[in-house]
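Undergrad: Sequence below, structure please.
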Amino acid sequence: MEQLSQLQKNYYRLLAEKYPSRDRALAEALLLESGLNLPKPTEHFVSDLHGEYRAFTHVIRNASGLLRRYIDELFPKKSEAEKKRLATILYYPEEKLRLLKEALAPDEYDALLKTTLADLIVVAKRVAAKYDHDQIEATFPEDRKKILNLLLLEEAGLRHKAGYVKTLHEKIVAYGEGETYIRDLADLSVRYAVDTLHVIGDIYDRGEEAEKIMDYLMASPKVDIQWGNHDIAWIGACAGNFALIATVLRIALRYNVLHTIEDGYGINLLPLVRYAKKYKATAPFYPKNPDPHAAQNESLAKLHKAMAILQFKAEGQLIAKHPEYDMSDMALLHRMDLESGTVEVGGKIYPLLDTNFPTVDPADPYAFTDEEQEVVDRLTESFTGCERLKKHIRFMIESGSMYLIRNDNLLFHGCLPTDEAGNFAPTSVLGKPLAGRALLDAFDGAVRDSFFARGEKQKQAADLMFYLWCGEASPLFGKARITTFERYFIADEATHVEEKNPYYRLREEADFAKKILRAFHIDPDRGKIINGHTPVKRKKGEEPVKAEGKVLVIDGGFAHAYRKTTGTAGYTLISNSYGILLATHSPMKDEARRIADDIDITSSLAFVTEYKKRRPVKDTDGGKQAAETIEELLTLAKLYETGEIKTQK
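TA: Residues are numbered from 1 along each chain as shown. Next comes the predicted model:
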């Protein structure tokens, strides 16, 4: 064994605290070594959740159709109706069993419980086959651990065990515990069907329950997040950037989805309600998801417009403060002529759809009035002081990144800013020219500084979140400019166009995709780029698989706002030991009907990449890390043998 440095010796002394003897170190090395030959753990990729908690949890519970695929494989003789019912029990055990109990006679229901218990044991064994049993057992409820072990480990097919296992199943139901053990087995199958969940951005906005998604993610054993532009808006809002506070409030009012704002995070909108009374409700500000009460829609429209004006003022102040952002073409309040009812955009004059701007002073259009400043201060205090929001944003930053490299896949939400020739486009917005991976790394650091830094460094980083939200060189925005003002106040739709970065055209080409993979030190023959951000519009002939399979785009329409143009309710990916599968989802039905009628939103699950041979753990990033740990444990065992480290008592 090579001579160890003092630093290495210190490391092994710390490792000895976890493995206090030679036998313990070798035992762990043996477990890790054998685990390298297990099948590759399953990864689940989702994107652009946009607050749609119910659709998200259904996709998670059915593992994007993977569990239904297992049911088809394991029970080929069951009818389609039986398989659908078993799948629904697997996804929603309490709700579905309650309905069945009401519909069936007691003896029929008991017979169903016995059959379902036996079936779910088979499913759970299939799922658990990829894991060391100790890992599975650690999640069992303590009171039922012994029985669950018996259910999973005992083989009913063995002749001398058949009666024993049959009696165990019958007595579980006879003692009234059938529903409990079915729920345990369903939860186990759902939890271990997927090892790691990758969320490729945009958890927030447009839907009602983003805060519930964040609670779910925080409780998940293995999850990572690649930030999206809507997530950045919330990070900036939490950091005190009022332009982004105004943005997330305006979007909530635009879609009439205030649950996350008011109930999820307890943001008090009363200051805004009082202030908004001076505005007139006009057509562009009525909510996209109208309230059943017409009067409520008028109130929402006034709030929406008031919030938009506050946003435009705050943005103008930030743009003037940071000339390095080069976003002056986005500040339009000073280009309005309210007497003539026109505005200048891009050197052309357009008529305004609305000239009711009672708080905009033509002499100083971006200044807040005293009343507005009070609203700004109160709303900023609500966002920066919300403990639940801070807890969620901390988790999002600590578990997140601008991009992730995992098992030959490059995950990022939007784009890699590129010029028309396919070169990574440099920007000096961060003080020096940066492009490609270096640009993403620098933005990653700024996101962390917006939450964790202090003083002027934190303020500058919080300001930069506005640029990440809608700046031209932002990899999360990926467009030349945002046209929010134009969409509200100018009829000419040519002014509404937001020109996409050339990346979105070039990612159709395999050579360009390989160039990006090489820039991130990924084998271009094995690797793939996985994006969200841009909805795949199947109705217009777009496909989620691009660049000869090198690029996979999985934003297909979780958000209701997208579904008219996409034709689907989104895409997700499953990566397992056999390959990578693309799941296509159908629009979400009413939950009660979905459970009662055994409706699944996963309409198809098909391979986009199928490995020639099954991939084991040793071929993954986790396997490489485990191999390094094995070497360290074997070295520790040697140190025990030579007496350089003493056995711990």
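
Undergrad: Just give me the neighbour total for Q648.
TA: 12 (other Cβ atoms under 10 Å). Quick note: C-beta positions are derived from backbone N, CA and C, even for glycine.

Undergrad: what's the closest non-adjacent residue to it?
TA: Closest residue in space to Q648, ignoring its immediate chain neighbours: P20 at 3.1 Å, by Cβ to Cβ, 6 or more residues apart in numbering.

Undergrad: so what's the residue lying closest to V257 once chain neighbours are set aside up against?
TA: Closest residue in space to V257, ignoring its immediate chain neighbours: E208 at 5.0 Å, by Cβ to Cβ, 6+ apart. The contact partners of E208, taken as Cβ atoms under 8 Å, 6 or more residues apart in numbering, are G51, E52, Y53, V257, H259, T260.

Undergrad: And the residue nearest to Q648, how far from E632?
TA: 15 Å (Cβ to Cβ, to the nearest Å).

Undergrad: again with M396
TA: 32 Å.

Undergrad: what about these two, which has more around it?
TA: Higher neighbour count among M396 and E632: M396, with 24 against 17, using other Cβ under 10 Å.

Undergrad: and A425, how far is that from E591?
TA: 45 Å.

Undergrad: which one of the two has more residues nearby?
TA: A425 (19 against 13).

Undergrad: and the more buried one, what does it touch?
TA: P417, T418, D419, A435, A473, N501.

Undergrad: how about a cut-off of 7 Å?
TA: P417, T418, D419, A435, A473 (Cβ atoms under 7 Å, 6 or more residues apart in numbering).

Undergrad: Just send the contacts of E208 back as TSV, with secondary structure too.
TA: Below are those laid out as TSV (DSSP: H, G, I helix; E, B strand; the rest coil):
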residue	secondary structure
G51	coil
E52	coil
Y53	helix
V257	coil
H259	helix
T260	helix
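
Undergrad: Pull out the buried residues from those residues.
TA: Among the contacts of E208, those that count as buried by neighbour count (16 or more other Cβ atoms under 10 Å) are G51, E52, Y53, V257, H259, T260.

Undergrad: What secondary structure category should be reported for the residue lying closest to the fifth one once chain neighbours are set aside?
TA: In space, and not counting its chain neighbours, H259 is closest to E208: 4.3 Å by Cβ to Cβ, 6+ apart. The three-state assignment at E208 reads coil, by three-state DSSP.

Undergrad: Next one: E208 from Y53, what distance?
TA: From E208 to Y53 the distance is 7 Å (Cβ to Cβ).

Undergrad: How about the contacts made by the residue nearest to K618 when sequence neighbours are not counted?
TA: Among residues not flanking K618 along the chain, L36 sits closest, at 3.9 Å (Cβ to Cβ, 6+ apart). L36 is in contact with P616, V617, K618, G623, A626, counting by Cβ under 7 Å, 6+ apart.

Undergrad: try D224
TA: Counting by Cβ under 7 Å, 6+ apart, D224 has contacts H198, S399, G400, L404.

Undergrad: again, only this time at 6 Å
TA: H198, S399, L404 (Cβ atoms under 6 Å, 6 or more residues apart in numbering).

Undergrad: Remind me which helix or strand it belongs to.
TA: Taking DSSP states H and E as the criterion, D224 maps to strand 223-226.

Undergrad: which neighbours does that strand have in its sheet, and in what orientation?
TA: In the sheet, strand 223-226 lines up against strand 196-199 (parallel), strand 400-401 (parallel) (DSSP bridges).

Undergrad: Was I right to think N576 contacts T42?
TA: Yes - contact criterion Cβ atoms under 6 Å: N576 and T42 qualify, at 4.4 Å.

Undergrad: Quickly note the distance from D23 to L30.
TA: 10 Å.

Undergrad: Beta-bridge partners for the residue nearest the centre of the chain, please?
TA: Nearest to the mean C-alpha position of the chain, counting by Cα atoms, centre = their mean, stands V199 at 2.9 Å. Counting by DSSP bridges, V199 is bridged to V46, I225.

Undergrad: sorry, back to before: can you add pLDDT and distance to L318 and give the contacts of E208 back as TSV?
TA: Shown next, in TSV, are the contacts of E208 (pLDDT from 0 to 100; distance: Cβ to Cβ, whole Å):
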residue	pLDDT	distance to L318
G51	94	26
E52	92	30
Y53	92	32
V257	93	26
H259	94	28
T260	95	24
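
Undergrad: Excluding residues flanking it in the chain, which one is nearest G623?
TA: V617 (4.4 Å).

Undergrad: Tell me where the stretch 351-500 of the chain has strands.
TA: With strands called from DSSP state E, counting those that start in this stretch, the stretch 351-500 of the chain shows them at 400-401, 404-406, 409-411.

Undergrad: Ranking the ones you listed by mean neighbour count, which comes first?
TA: Most buried of those, by mean neighbour count (mean count of other Cβ atoms under 10 Å): strand 409-411, with a mean of 24.

Undergrad: what's in contact with that one?
TA: H198, I200, Q226, L404, F520, I522, K528, I529, I530.

Undergrad: Dump those into a markdown table; add pLDDT and distance to S382 as well.
TA: Output for these, formatted as a markdown table (pLDDT from 0 to 100; distance: Cβ to Cβ, whole Å):
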| residue | pLDDT | distance to S382 |
| --- | --- | --- |
| H198 | 97 | 32 |
| I200 | 96 | 29 |
| Q226 | 98 | 28 |
| L404 | 98 | 32 |
| F520 | 97 | 40 |
| I522 | 97 | 43 |
| K528 | 97 | 42 |
| I529 | 97 | 39 |
| I530 | 96 | 36 |
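
Undergrad: ranking those by neighbours, who comes first?
TA: Going by other Cβ under 10 Å, I200 tops the contacts of strand 409-411 with 30 neighbours.

Undergrad: Please look at that residue and G532 and confirm they touch.
TA: Yes - between I200 and G532 there is a contact under Cβ under 6 Å: 4.3 Å.

Undergrad: burial measure for P39, as a count.
TA: P39, neighbours per other Cβ under 10 Å, totals 15.

Undergrad: OK, contacts around it?
TA: K130, S577.

Undergrad: Pop out the phi and psi values for it.
TA: The phi/psi pair for P39 (degrees, to the nearest 10) reads phi -60, psi 150.

Undergrad: before we move on, the earlier item: please check the contacts of A425 and keep the buried ones.
TA: For those, buried by 16+ other Cβ under 10 Å: P417, T418, A435, A473.

Undergrad: Quick check: which ranges of this structure have low pLDDT?
TA: Filtered on pLDDT under 70, the chain yields the residue ranges 1, 155-162, 537-539, 556-569, 588-589, 602, 649.
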